[in-house]
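K.L.:
Kindly generate the corresponding structure for this input.
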Amino acid sequence: MLYKLEGIVIRSMDYGEGNKIITLCTEHGGKVGVLIRGAKKPKSRHGALAQPFTYGQYVFFRNTGLGTLNAGELIDSHHGLREDIFKAAYASYACELLDRVLQDEDTGAFWFRQIKACLEALASGKDPQVIISIYELKILQAAGYAPQLDICISCGRECGQQETEEWISPSLGGELCRACKHFDPAAILATPRAMKLLRLFARLDLTRLGNVNVSEATRDEIKGMMRRFMDAQLGMQLKSRNFLEQLDRYDIQ
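P.N.:
Have a look, this model is predicted:
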């Protein structure tokens, strides 16, 4: 059967001497694997369509399993993301996270819009840590591990109302009130500012993200909490995440 779909390349791998297999996140067809013959050859007509982060229109034959590209057209190459090591690292993490966490039947119009908005925000120069923190929250929500940020995960008491101390438990999956913080000795003491922004991020849609000004200290605090949540709830080892941590370690920005 012949398909014609708009999609974003979230994974690209070599196959044989001159071919590539790409994984597309499409708006109406979920995740799709497509073989692009000759994509590695210098004069390939379709080489650009196999590049990571590329947004294009893909025409391919597919019965079951892997499709085979017949034709395609670039919509946005996102070459600027690939040329900047820092932006490329964040974009790679966003794509790998989507590919690893969500199954084919889970991806669709919502996730196509989210990854598209994420890449566009990174390309436009918006704060990548803020973008990724929001994106990670969306991933946790979609995977069924959304952190509970409004009430105590233990007793159900409403949190965030004139609290001077707020505690977050990544392992339990949300906030703990002062009376329940002993249930997790490893719970994180969070500032009210960081918690307020986390609650805002949980409600935000990346497609509607404007300019969000966050202080460096609050941004780093949120990043640390989100990494703990991702490790505790998903526990995945991602190559792109490891590379991001190396950039942080050497302060390469």
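K.L.:
isn't residue 247 right up against residue 90?
P.N.:
No: the pair residue 247 / residue 90 is not scored as a contact, 9.2 Å apart, by CB atoms under 8 Å. Just so you know, the C-beta spots here come from the backbone N, C-alpha and C atoms, and that holds for glycine as well.
K.L.:
So for these two, which residue has more residues nearby?
P.N.:
Neighbours were tallied for residue 247 and for residue 90 using other CB atoms under 10 Å; the higher tally belongs to residue 90 (24 against 14).
K.L.:
Quick check: nearest residue in space to the more buried one, chain neighbours excluded?
P.N.:
residue 128 (4.4 Å; CB to CB, 6 or more residues apart in numbering).
K.L.:
Next, the residue nearest to residue 49 when sequence neighbours are not counted: phi, psi?
P.N.:
Leaving aside its sequence neighbours, residue 49 sits nearest to residue 72 (CB to CB, 6+ apart; 4.5 Å). The phi/psi pair for residue 72 (degrees, to the nearest 10) reads phi -170, psi 160.
K.L.:
re the thing from before, so what's the residue nearest to residue 90 up against?
P.N.:
Residue 128 sits next to 86, 87, 90, 122 when contact means CB atoms under 8 Å, 6 or more residues apart in numbering.
K.L.:
please redo it, this time with the cut-off set to 7 Å
P.N.:
When contacts are counted by CB atoms under 7 Å, 6 or more residues apart in numbering, residue 128 touches 87, 90, 122.
K.L.:
Just the ones in helices from these, please.
P.N.:
Using DSSP state H, the subset of the contacts of residue 128 located in helices is 87, 90, 122.
K.L.:
right, and out of these, which lies closest to residue 191?
P.N.:
residue 90 (24.2 Å; CB to CB).
K.L.:
gap between the closest one and residue 231?
P.N.:
Distance of residue 90 to residue 231, computed by CB to CB, to the nearest Å: 18 Å.
K.L.:
Residue 221 now?
P.N.:
According to CB to CB, residue 221 stands 16 Å off from residue 231.
K.L.:
thinking again about what came up before, is there a neighbour count for the residue nearest to residue 49? I'd like the number.
P.N.:
Residue 72 has 21 nearby residues by other CB under 10 Å.
K.L.:
likewise residue 135?
P.N.:
26.
K.L.:
Are we agreed that it is in a helix?
P.N.:
Yes: Residue 135 forms part of a helix when assessed by DSSP: H, G, I helix; E, B strand; the rest coil.
K.L.:
dump the residue contacts of the residue lying closest to it once chain neighbours are set aside.
P.N.:
Once flanking residues are discounted, residue 135 sits nearest to residue 118: 5.3 Å by CB to CB, 6+ apart. Applying CB under 7 Å, 6+ apart to residue 118 gives the contacts 94, 131, 135, 206.
K.L.:
next one: residue 41
P.N.:
Shown in contact with residue 41 (CB under 7 Å, 6+ apart): residue 18.
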